[in-house]
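Undergrad: here's my sequence, what's the structure:
(one chain, ligands or ions: 2)
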Amino acid sequence: MDMQPENWSGTAVHPVGLVIRQKDPNNLEMPFDQLDGFITPAELFYIRSHFPTPQLDPATYRLAIAGAVRSELRLSYADIRTMPSRTCIATLECAGNGRVFLSPPAPGAQWQLGAVGNAEWTGVPLSVVLERAGLADDVCEIVLEGADRGIPKEEPKPPGPISYVRSIPRTRAIESDVLIAYQMNGRDLTPDHGYPLRAIVPGHYGMASVKWLTSIVATTRSFQGYWQTSDYAYWDNSAGTPIRRPLAEMKLKSQIARPRMYEILQPDRPYTIFGAAWAGGTDVAEIWISLDGGASWVQGDFLDPINRNAWRRWKYDWITPTRPGRYTLLARARGADQRTQPDGHNPNFGSYVIDHPLPIEVFVNAP
Ligand SMILES: Nc1nc2c(c(=O)[nH]1)N[C@H]1C(S)=C(S)[C@@H](COP(=O)(O)O)O[C@H]1N2
Ligand SMILES: [Mo]
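TA: Ligands and ions are numbered 1, 2, ... in the order given. The predicted structure follows:
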(Lines give C-alpha, C1' and ligand atoms only; values in the text may rest on other atoms or scores of the structure.)
(Ligands and ions follow the chains in the order given, each with its own letter.)
Protein backbone atom coordinates (compact mmCIF):
# COMPACT_ATOMS: atom_id res chain seq x y z
CA MET A 1 0.00 0.00 0.00
CA ASP A 2 1.30 3.51 -0.79
CA MET A 3 1.97 5.05 2.59
CA GLN A 4 3.74 8.34 3.17
CA PRO A 5 2.31 11.49 1.56
CA GLU A 6 5.25 13.60 0.49
CA ASN A 7 3.63 16.99 0.05
CA TRP A 8 1.37 17.49 3.00
CA SER A 9 2.72 20.93 3.94
CA GLY A 10 2.97 24.13 1.91
CA THR A 11 -0.70 25.01 1.83
CA ALA A 12 -2.02 28.52 1.31
CA VAL A 13 -5.58 29.21 2.30
CA HIS A 14 -7.89 31.09 -0.07
CA PRO A 15 -9.81 33.93 1.63
CA VAL A 16 -13.13 32.08 1.37
CA GLY A 17 -11.83 28.89 2.97
CA LEU A 18 -10.55 26.84 0.06
CA VAL A 19 -6.93 25.73 -0.20
CA ILE A 20 -5.01 26.92 -3.25
CA ARG A 21 -3.37 24.15 -5.28
CA GLN A 22 -2.79 26.23 -8.42
CA LYS A 23 -3.53 29.89 -9.04
CA ASP A 24 -4.45 31.23 -12.52
CA PRO A 25 -6.42 29.24 -13.41
CA ASN A 26 -8.23 28.60 -10.14
CA ASN A 27 -7.59 25.17 -8.69
CA LEU A 28 -8.80 25.18 -5.12
CA GLU A 29 -9.73 22.37 -2.79
CA MET A 30 -11.86 21.97 0.29
CA PRO A 31 -10.01 21.39 3.58
CA PHE A 32 -11.61 17.97 3.89
CA ASP A 33 -11.38 17.97 7.70
CA GLN A 34 -14.17 20.60 7.53
CA LEU A 35 -16.62 18.04 6.14
CA ASP A 36 -19.91 18.55 7.95
CA GLY A 37 -23.30 18.34 6.20
CA PHE A 38 -24.45 15.97 3.46
CA ILE A 39 -24.45 18.91 1.02
CA THR A 40 -21.17 20.75 0.44
CA PRO A 41 -21.78 24.52 0.49
CA ALA A 42 -20.72 26.23 -2.77
CA GLU A 43 -18.08 28.24 -0.86
CA LEU A 44 -16.37 24.97 0.16
CA PHE A 45 -16.84 23.10 -3.11
CA TYR A 46 -13.52 22.50 -4.91
CA ILE A 47 -12.76 24.32 -8.16
CA ARG A 48 -10.88 22.54 -10.92
CA SER A 49 -10.35 24.64 -14.05
CA HIS A 50 -7.80 24.06 -16.80
CA PHE A 51 -8.08 27.56 -18.27
CA PRO A 52 -9.12 30.99 -16.99
CA THR A 53 -12.80 31.31 -16.15
CA PRO A 54 -14.63 32.76 -19.19
CA GLN A 55 -16.92 35.71 -18.53
CA LEU A 56 -20.20 34.89 -20.27
CA ASP A 57 -23.09 37.32 -20.57
CA PRO A 58 -26.44 35.49 -20.15
CA ALA A 59 -28.12 38.05 -22.43
CA THR A 60 -26.02 37.08 -25.46
CA TYR A 61 -25.13 33.52 -24.45
CA ARG A 62 -26.21 30.74 -26.85
CA LEU A 63 -26.09 26.98 -26.48
CA ALA A 64 -25.66 25.30 -29.87
CA ILE A 65 -26.93 21.74 -30.52
CA ALA A 66 -25.51 20.38 -33.75
CA GLY A 67 -24.06 17.33 -35.50
CA ALA A 68 -26.09 14.26 -36.44
CA VAL A 69 -29.48 15.69 -35.47
CA ARG A 70 -32.71 16.32 -37.39
CA SER A 71 -32.83 19.99 -36.44
CA GLU A 72 -29.96 22.05 -35.12
CA LEU A 73 -30.87 24.30 -32.19
CA ARG A 74 -29.58 27.54 -30.73
CA LEU A 75 -30.95 28.07 -27.25
CA SER A 76 -30.65 31.19 -25.13
CA TYR A 77 -30.14 31.13 -21.38
CA ALA A 78 -33.78 32.25 -21.02
CA ASP A 79 -34.91 29.33 -23.22
CA ILE A 80 -33.15 26.87 -20.91
CA ARG A 81 -34.50 28.55 -17.76
CA THR A 82 -38.10 28.17 -19.00
CA MET A 83 -37.84 24.47 -19.97
CA PRO A 84 -38.95 21.68 -17.57
CA SER A 85 -36.29 21.25 -14.90
CA ARG A 86 -35.08 18.53 -12.62
CA THR A 87 -32.98 18.50 -9.45
CA CYS A 88 -30.56 15.78 -8.46
CA ILE A 89 -27.85 15.33 -5.85
CA ALA A 90 -24.48 14.20 -7.17
CA THR A 91 -20.98 13.85 -5.80
CA LEU A 92 -18.28 15.20 -8.09
CA GLU A 93 -14.76 13.95 -7.54
CA CYS A 94 -11.83 15.10 -9.63
CA ALA A 95 -10.08 12.06 -11.08
CA GLY A 96 -6.82 13.42 -9.62
CA ASN A 97 -8.14 13.78 -6.05
CA GLY A 98 -5.63 12.33 -3.57
CA ARG A 99 -2.70 12.66 -5.98
CA VAL A 100 -0.43 13.81 -3.11
CA PHE A 101 -0.58 10.22 -1.81
CA LEU A 102 1.10 8.78 -4.92
CA SER A 103 4.66 7.64 -4.51
CA PRO A 104 6.83 8.47 -6.36
CA PRO A 105 5.16 11.90 -6.64
CA ALA A 106 3.12 12.36 -9.82
CA PRO A 107 3.00 15.59 -11.86
CA GLY A 108 -0.20 17.64 -11.75
CA ALA A 109 -2.06 19.54 -9.06
CA GLN A 110 -1.14 18.03 -5.70
CA TRP A 111 -4.67 17.45 -4.47
CA GLN A 112 -5.01 16.17 -0.93
CA LEU A 113 -8.51 14.94 0.03
CA GLY A 114 -10.62 17.96 -0.91
CA ALA A 115 -11.17 17.71 -4.69
CA VAL A 116 -14.55 16.15 -4.00
CA GLY A 117 -17.94 17.55 -2.99
CA ASN A 118 -21.60 16.69 -2.95
CA ALA A 119 -24.13 19.20 -4.24
CA GLU A 120 -27.72 19.54 -5.38
CA TRP A 121 -27.87 20.44 -9.06
CA THR A 122 -30.85 21.89 -10.93
CA GLY A 123 -31.23 22.15 -14.67
CA VAL A 124 -32.80 20.79 -17.83
CA PRO A 125 -32.22 17.10 -18.54
CA LEU A 126 -29.83 16.83 -21.49
CA SER A 127 -32.26 14.23 -22.89
CA VAL A 128 -34.98 16.89 -23.27
CA VAL A 129 -32.74 19.01 -25.49
CA LEU A 130 -31.49 15.96 -27.44
CA GLU A 131 -35.07 14.83 -28.05
CA ARG A 132 -36.00 18.27 -29.32
CA ALA A 133 -33.07 18.19 -31.75
CA GLY A 134 -33.78 14.56 -32.76
CA LEU A 135 -30.74 12.27 -32.68
CA ALA A 136 -29.88 10.28 -35.80
CA ASP A 137 -30.07 6.51 -35.28
CA ASP A 138 -26.33 5.97 -35.56
CA VAL A 139 -25.29 8.62 -33.00
CA CYS A 140 -22.99 6.93 -30.47
CA GLU A 141 -21.63 9.85 -28.41
CA ILE A 142 -22.57 13.34 -27.33
CA VAL A 143 -19.68 15.82 -27.36
CA LEU A 144 -19.86 18.65 -24.79
CA GLU A 145 -17.75 21.78 -25.28
CA GLY A 146 -16.98 24.61 -22.88
CA ALA A 147 -16.23 28.25 -23.69
CA ASP A 148 -12.79 28.16 -22.01
CA ARG A 149 -9.64 27.90 -24.12
CA GLY A 150 -5.91 27.69 -23.65
CA ILE A 151 -2.81 25.52 -23.71
CA PRO A 152 -2.92 22.66 -21.19
CA LYS A 153 -0.25 22.63 -18.45
CA GLU A 154 0.55 18.90 -18.65
CA GLU A 155 2.74 17.15 -21.22
CA PRO A 156 2.25 16.10 -23.95
CA LYS A 157 0.81 19.47 -24.96
CA PRO A 158 -1.19 20.00 -28.16
CA PRO A 159 0.39 22.34 -30.73
CA GLY A 160 -1.85 25.32 -29.92
CA PRO A 161 -4.73 26.51 -27.76
CA ILE A 162 -7.66 24.13 -27.42
CA SER A 163 -11.02 24.32 -25.68
CA TYR A 164 -12.26 21.97 -22.97
CA VAL A 165 -14.27 19.23 -24.71
CA ARG A 166 -15.44 15.84 -23.43
CA SER A 167 -17.85 13.26 -24.82
CA ILE A 168 -20.19 10.86 -23.06
CA PRO A 169 -21.78 7.75 -24.56
CA ARG A 170 -25.26 8.27 -26.02
CA THR A 171 -26.64 5.62 -23.64
CA ARG A 172 -25.57 7.72 -20.64
CA ALA A 173 -26.43 11.09 -22.20
CA ILE A 174 -30.12 10.19 -22.63
CA GLU A 175 -30.63 9.15 -19.00
CA SER A 176 -32.81 11.67 -17.20
CA ASP A 177 -30.31 12.52 -14.42
CA VAL A 178 -27.74 14.02 -16.81
CA LEU A 179 -28.36 17.74 -16.62
CA ILE A 180 -27.67 21.01 -18.33
CA ALA A 181 -27.47 22.66 -14.92
CA TYR A 182 -27.91 26.30 -13.99
CA GLN A 183 -28.13 26.01 -10.22
CA MET A 184 -25.99 24.53 -7.47
CA ASN A 185 -27.57 24.13 -4.02
CA GLY A 186 -30.53 26.29 -5.08
CA ARG A 187 -28.50 29.25 -6.33
CA ASP A 188 -27.31 30.22 -9.79
CA LEU A 189 -23.91 28.74 -10.61
CA THR A 190 -20.94 30.89 -9.64
CA PRO A 191 -18.56 31.85 -12.47
CA ASP A 192 -15.93 29.31 -11.33
CA HIS A 193 -18.48 26.48 -11.23
CA GLY A 194 -19.65 27.07 -14.80
CA TYR A 195 -22.04 30.03 -15.00
CA PRO A 196 -24.33 30.27 -16.84
CA LEU A 197 -24.68 26.57 -17.77
CA ARG A 198 -22.73 23.39 -17.16
CA ALA A 199 -23.22 19.69 -17.70
CA ILE A 200 -23.67 17.41 -14.70
CA VAL A 201 -22.98 13.73 -15.33
CA PRO A 202 -23.73 11.99 -12.01
CA GLY A 203 -21.48 9.04 -11.19
CA HIS A 204 -18.69 10.09 -13.53
CA TYR A 205 -15.44 11.72 -12.47
CA GLY A 206 -15.75 15.50 -12.50
CA MET A 207 -14.08 15.89 -15.90
CA ALA A 208 -17.32 14.78 -17.60
CA SER A 209 -19.32 17.66 -16.13
CA VAL A 210 -18.28 20.31 -18.66
CA LYS A 211 -18.55 23.87 -17.35
CA TRP A 212 -19.47 26.99 -19.42
CA LEU A 213 -21.25 24.65 -21.82
CA THR A 214 -21.66 26.32 -25.22
CA SER A 215 -21.93 23.47 -27.68
CA ILE A 216 -23.44 19.98 -27.80
CA VAL A 217 -22.55 17.88 -30.85
CA ALA A 218 -24.07 14.48 -31.66
CA THR A 219 -21.47 12.29 -33.32
CA THR A 220 -21.55 8.94 -35.10
CA ARG A 221 -17.92 8.14 -34.30
CA SER A 222 -16.16 7.97 -30.96
CA PHE A 223 -14.62 11.32 -30.14
CA GLN A 224 -10.80 11.29 -29.91
CA GLY A 225 -10.05 14.76 -28.50
CA TYR A 226 -7.19 15.65 -26.15
CA TRP A 227 -9.28 15.38 -22.95
CA GLN A 228 -10.57 11.99 -24.07
CA THR A 229 -7.34 10.28 -25.09
CA SER A 230 -4.30 12.15 -23.76
CA ASP A 231 -5.56 13.65 -20.50
CA TYR A 232 -8.34 11.97 -18.44
CA ALA A 233 -7.61 8.63 -20.10
CA TYR A 234 -6.02 5.37 -18.94
CA TRP A 235 -4.43 2.23 -20.34
CA ASP A 236 -6.88 -0.62 -20.65
CA ASN A 237 -4.66 -3.70 -20.54
CA SER A 238 -7.39 -6.29 -20.47
CA ALA A 239 -6.95 -7.43 -24.10
CA GLY A 240 -3.16 -7.90 -24.01
CA THR A 241 -2.41 -4.80 -26.09
CA PRO A 242 -2.84 -1.63 -24.02
CA ILE A 243 -5.60 0.59 -25.41
CA ARG A 244 -6.11 4.21 -24.39
CA ARG A 245 -9.64 4.72 -23.05
CA PRO A 246 -11.41 7.71 -21.50
CA LEU A 247 -12.02 7.71 -17.74
CA ALA A 248 -15.71 7.54 -16.93
CA GLU A 249 -17.40 6.29 -13.73
CA MET A 250 -15.92 7.17 -10.36
CA LYS A 251 -14.42 4.19 -8.59
CA LEU A 252 -15.61 3.19 -5.16
CA LYS A 253 -13.75 5.30 -2.59
CA SER A 254 -13.84 6.36 1.04
CA GLN A 255 -11.99 9.13 2.85
CA ILE A 256 -11.39 10.01 6.48
CA ALA A 257 -12.20 13.67 7.22
CA ARG A 258 -11.50 13.59 10.96
CA PRO A 259 -9.06 13.08 12.50
CA ARG A 260 -7.11 15.12 9.99
CA MET A 261 -3.60 14.24 8.84
CA TYR A 262 -1.06 14.51 11.69
CA GLU A 263 -3.70 15.44 14.26
CA ILE A 264 -2.58 15.03 17.87
CA LEU A 265 -5.05 13.07 19.98
CA GLN A 266 -5.37 12.52 23.72
CA PRO A 267 -5.00 8.90 24.90
CA ASP A 268 -7.89 6.71 26.06
CA ARG A 269 -10.67 9.12 25.05
CA PRO A 270 -13.78 8.75 22.92
CA TYR A 271 -13.12 10.08 19.41
CA THR A 272 -15.58 9.84 16.51
CA ILE A 273 -13.79 9.08 13.27
CA PHE A 274 -15.80 10.70 10.47
CA GLY A 275 -15.69 10.60 6.70
CA ALA A 276 -17.53 9.95 3.45
CA ALA A 277 -17.67 7.23 0.81
CA TRP A 278 -18.96 7.30 -2.76
CA ALA A 279 -19.02 5.37 -6.03
CA GLY A 280 -20.21 5.69 -9.61
CA GLY A 281 -22.27 2.86 -11.04
CA THR A 282 -22.88 1.10 -7.72
CA ASP A 283 -23.95 1.97 -4.18
CA VAL A 284 -21.71 2.11 -1.13
CA ALA A 285 -22.83 -0.79 1.07
CA GLU A 286 -20.28 -1.11 3.91
CA ILE A 287 -17.52 0.94 5.50
CA TRP A 288 -14.57 -0.61 7.32
CA ILE A 289 -11.98 1.27 9.36
CA SER A 290 -8.50 0.20 10.41
CA LEU A 291 -6.81 1.76 13.44
CA ASP A 292 -3.56 -0.16 13.00
CA GLY A 293 -2.38 0.52 9.46
CA GLY A 294 -4.49 -2.22 7.88
CA ALA A 295 -3.71 -5.15 10.21
CA SER A 296 -7.32 -5.36 11.42
CA TRP A 297 -10.63 -3.77 10.42
CA VAL A 298 -13.81 -2.75 12.25
CA GLN A 299 -17.12 -1.76 10.70
CA GLY A 300 -18.38 1.84 10.79
CA ASP A 301 -21.93 3.20 10.56
CA PHE A 302 -23.46 5.32 7.82
CA LEU A 303 -25.05 8.68 8.58
CA ASP A 304 -26.75 8.96 5.17
CA PRO A 305 -29.02 6.49 3.37
CA ILE A 306 -28.16 5.15 -0.08
CA ASN A 307 -28.83 7.81 -2.70
CA ARG A 308 -27.37 6.79 -6.06
CA ASN A 309 -24.38 8.96 -7.08
CA ALA A 310 -24.38 10.91 -3.80
CA TRP A 311 -21.85 10.20 -1.07
CA ARG A 312 -22.68 8.60 2.26
CA ARG A 313 -21.12 10.12 5.33
CA TRP A 314 -20.05 7.58 7.95
CA LYS A 315 -18.62 7.45 11.46
CA TYR A 316 -16.88 5.12 13.86
CA ASP A 317 -16.86 5.72 17.63
CA TRP A 318 -13.29 5.04 18.69
CA ILE A 319 -11.60 4.97 22.08
CA THR A 320 -8.11 6.29 21.39
CA PRO A 321 -5.20 4.03 22.41
CA THR A 322 -3.69 4.29 25.89
CA ARG A 323 -0.20 3.79 24.47
CA PRO A 324 1.30 7.01 23.07
CA GLY A 325 2.75 6.93 19.56
CA ARG A 326 2.00 7.21 15.88
CA TYR A 327 -1.06 5.43 14.45
CA THR A 328 -2.20 4.93 10.86
CA LEU A 329 -5.93 5.08 10.20
CA LEU A 330 -7.50 3.75 7.00
CA ALA A 331 -11.03 3.51 5.62
CA ARG A 332 -12.15 0.99 3.05
CA ALA A 333 -15.61 0.77 1.50
CA ARG A 334 -17.44 -2.19 0.01
CA GLY A 335 -19.88 -1.67 -2.83
CA ALA A 336 -23.28 -3.22 -3.38
CA ASP A 337 -21.56 -5.09 -6.22
CA GLN A 338 -19.40 -6.79 -3.52
CA ARG A 339 -16.20 -5.11 -4.71
CA THR A 340 -13.89 -3.34 -2.27
CA GLN A 341 -11.32 -0.62 -2.74
CA PRO A 342 -8.00 -2.04 -4.01
CA ASP A 343 -4.85 -2.35 -1.86
CA GLY A 344 -2.83 0.08 -3.96
CA HIS A 345 -2.93 2.44 -6.90
CA ASN A 346 -3.24 0.86 -10.35
CA PRO A 347 -0.44 2.38 -12.51
CA ASN A 348 -2.57 1.95 -15.66
CA PHE A 349 -4.45 5.02 -14.40
CA GLY A 350 -1.30 7.18 -14.35
CA SER A 351 -1.81 10.09 -11.95
CA TYR A 352 -5.59 9.50 -11.77
CA VAL A 353 -8.02 7.21 -9.93
CA ILE A 354 -6.38 7.23 -6.50
CA ASP A 355 -8.95 4.86 -5.03
CA HIS A 356 -6.98 2.77 -2.53
CA PRO A 357 -7.40 3.37 1.23
CA LEU A 358 -5.48 6.56 2.02
CA PRO A 359 -3.43 6.51 5.24
CA ILE A 360 -4.17 9.18 7.84
CA GLU A 361 -1.31 9.37 10.34
CA VAL A 362 -2.15 10.60 13.83
CA PHE A 363 -0.20 10.96 17.06
CA VAL A 364 -1.47 9.89 20.46
CA ASN A 365 0.00 11.93 23.29
CA ALA A 366 1.35 10.61 26.55
CA PRO A 367 -1.29 10.80 29.31
N1 LIG B 1 -15.17 23.85 -19.46
C2 LIG B 1 -14.56 23.15 -18.50
N3 LIG B 1 -15.26 22.24 -17.83
C4 LIG B 1 -14.68 21.51 -16.83
C5 LIG B 1 -13.32 21.68 -16.52
C6 LIG B 1 -12.59 22.66 -17.23
O7 LIG B 1 -11.40 22.91 -16.99
N8 LIG B 1 -13.24 23.38 -18.21
N9 LIG B 1 -12.76 20.90 -15.53
C10 LIG B 1 -13.41 19.61 -15.31
C11 LIG B 1 -12.88 18.89 -14.17
S12 LIG B 1 -11.41 18.10 -14.42
C13 LIG B 1 -13.58 18.78 -13.00
S14 LIG B 1 -13.00 17.80 -11.75
C15 LIG B 1 -14.85 19.52 -12.79
C16 LIG B 1 -14.76 20.39 -11.57
O17 LIG B 1 -15.95 21.10 -11.38
P18 LIG B 1 -15.97 22.30 -10.30
O19 LIG B 1 -14.83 23.22 -10.61
O20 LIG B 1 -17.30 22.93 -10.39
O21 LIG B 1 -15.77 21.62 -8.96
O22 LIG B 1 -15.17 20.34 -13.90
C23 LIG B 1 -14.91 19.77 -15.16
N24 LIG B 1 -15.45 20.62 -16.19
MO1 LIG C 1 -10.97 16.82 -12.57
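Undergrad: just for the stretch 201-350 of the chain, where's the confidence low?
TA: For the stretch 201-350 of the chain, no stretch has pLDDT under 70.
Undergrad: and the residue of it closest to ligand 1?
TA: Distances between the stretch 201-350 of the chain and ligand 1 by CB to the nearest ligand atom are smallest at G206, namely 2.5 Å. (Each C-beta comes from the backbone N, C-alpha and C, glycine too.)
Undergrad: got a list of what that residue touches?
TA: 48, 92-95, 115 (CB atoms under 8 Å, 6 or more residues apart in numbering).
Undergrad: hmm, try it at 6 Å
TA: 92, 94 (CB atoms under 6 Å, 6 or more residues apart in numbering).
Undergrad: how many neighbours does H193 have?
TA: Number of residues near H193 (other CB atoms under 10 Å) recorded here: 23.
Undergrad: what sits against the residue nearest to it when sequence neighbours are not counted?
TA: The shortest distance from H193 to any non-neighbouring residue, by CB to CB, 6 or more residues apart in numbering, is to M184 (5.8 Å). Counting by CB under 6 Å, 6+ apart, M184 makes contact with 42, 119, 193.
Undergrad: quick check: phi and psi on the first one?
TA: Its backbone dihedrals place A42 at phi -60, psi -40, with angles given as degrees, to the nearest 10.
Undergrad: from this protein, which residue is nearest to ligand 2?
TA: C94 (3.2 Å; CB to the ion).
Undergrad: for the closest residue in space to that residue that isn't next to it in sequence, which residues are in contact?
TA: With CB to CB, 6+ apart as the criterion, C94 has its nearest non-adjacent residue at 3.8 Å, and that residue is A115. By CB under 6 Å, 6+ apart, the contact list for A115 reads 29, 46, 94, 97.
Undergrad: pretty sure the third one contacts I47?
TA: When you say that, I think you mean C94. No: applying CB atoms under 6 Å, one finds C94 not in contact with I47, separated by 9.8 Å.
Undergrad: show the backbone phi and psi for E131.
TA: Given degrees, to the nearest 10, the pair of backbone angles that E131 has is phi -60, psi -40.
Undergrad: okay, now it: neighbour count?
TA: Count around E131 with other CB under 10 Å applied: 11.
Undergrad: next one, pLDDT for it please.
TA: Per-residue confidence (pLDDT) for E131: 98.
Undergrad: Q22 now?
TA: In this model, Q22 carries a pLDDT of 89.
Undergrad: run a quick neighbour tally on it.
TA: 16.
Undergrad: quickly list what it is bridged to.
TA: For Q22, the beta-bridge partners under DSSP bridges are N27.
Undergrad: wait, doesn't it sit right on A109?
TA: Yes: applying CB under 6 Å, one finds Q22 in contact with A109, separated by 5.3 Å.
Undergrad: show me what contacts A119?
TA: 40, 184-185.
Undergrad: and the residues you listed as JSON lines, adding secondary structure and pLDDT?
TA: Output for the contacts of A119, formatted as JSON lines (DSSP: H, G, I helix; E, B strand; the rest coil; pLDDT from 0 to 100):
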{"residue": "T40", "secondary structure": "coil", "pLDDT": "98"}
{"residue": "M184", "secondary structure": "strand", "pLDDT": "98"}
{"residue": "N185", "secondary structure": "coil", "pLDDT": "98"}
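Undergrad: which SS state does D192 fall under?
TA: helix (DSSP: H, G, I helix; E, B strand; the rest coil).
Undergrad: what number of residues lie near it?
TA: Counted with other CB under 10 Å, D192 comes out at 18.
Undergrad: F45 is in contact with that one, correct?
TA: No: here D192 lies out of contact with F45, judged by CB under 6 Å, at a distance of 9.2 Å.
Undergrad: which element is the residue of the stretch 251-367 of the chain found nearest ligand 1 on?
TA: Relative to ligand 1, the nearest point of the stretch 251-367 of the chain is Y352 (9.9 Å; CB to the nearest ligand atom). Y352 is part of no helix or strand, with elements assigned from DSSP states H and E.
Undergrad: count the neighbours of it for me.
TA: Neighbours of Y352 (other CB under 10 Å): 26.
Undergrad: can you give me the distance of it to Q255?
TA: With distances taken as CB to CB, to the nearest Å, Y352 is found 16 Å from Q255.
Undergrad: one more: Q22?
TA: Q22 is 21 Å from Q255, by CB to CB.
Undergrad: the chain: helices as residue ranges?
TA: With DSSP state H as the criterion, the chain has helices at 77-82, 126-133, 170-173, 226-229.
Undergrad: can you add distance to R308 and give these back as TSV?
TA: Putting these into TSV (distance: least, CB to CB, whole Å) gives the following:
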stretch	distance to R308
helix 77-82	25
helix 126-133	17
helix 170-173	14
helix 226-229	25
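Undergrad: ok, which of those comes nearest W314?
TA: helix 170-173 (27.8 Å; CB to CB).
Undergrad: get me the contact residues on the stretch 51-200 of the chain for ligand 1.
TA: 92, 94, 146, 148, 164, 193 (CB under 6 Å from any ligand atom).
Undergrad: can you turn the buried part of these into a ChimeraX selection?
TA: Command for ChimeraX, covering only those of those found buried under the criterion 16 or more other CB atoms under 10 Å:
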select :92,94,146,148,164,193
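Undergrad: for the nearest residue to D304 once chain neighbours are set aside, give the beta-bridge partners.
TA: Distances taken as CB to CB, 6+ apart place R312 nearest to D304, at 4.5 Å, with adjacent residues excluded. Here R312 shows beta-bridge partners A277, assigned using DSSP bridges.
Undergrad: which parts of the stretch 151-300 of the chain are strands?
TA: For the stretch 151-300 of the chain, the strands defined by DSSP state E, counting those that start in this stretch cover 162-169, 179-184, 187-188, 198-200, 213-219, 233-236, 243-246, 253-258, 264-265, 270-278, 284-290, 298-299.
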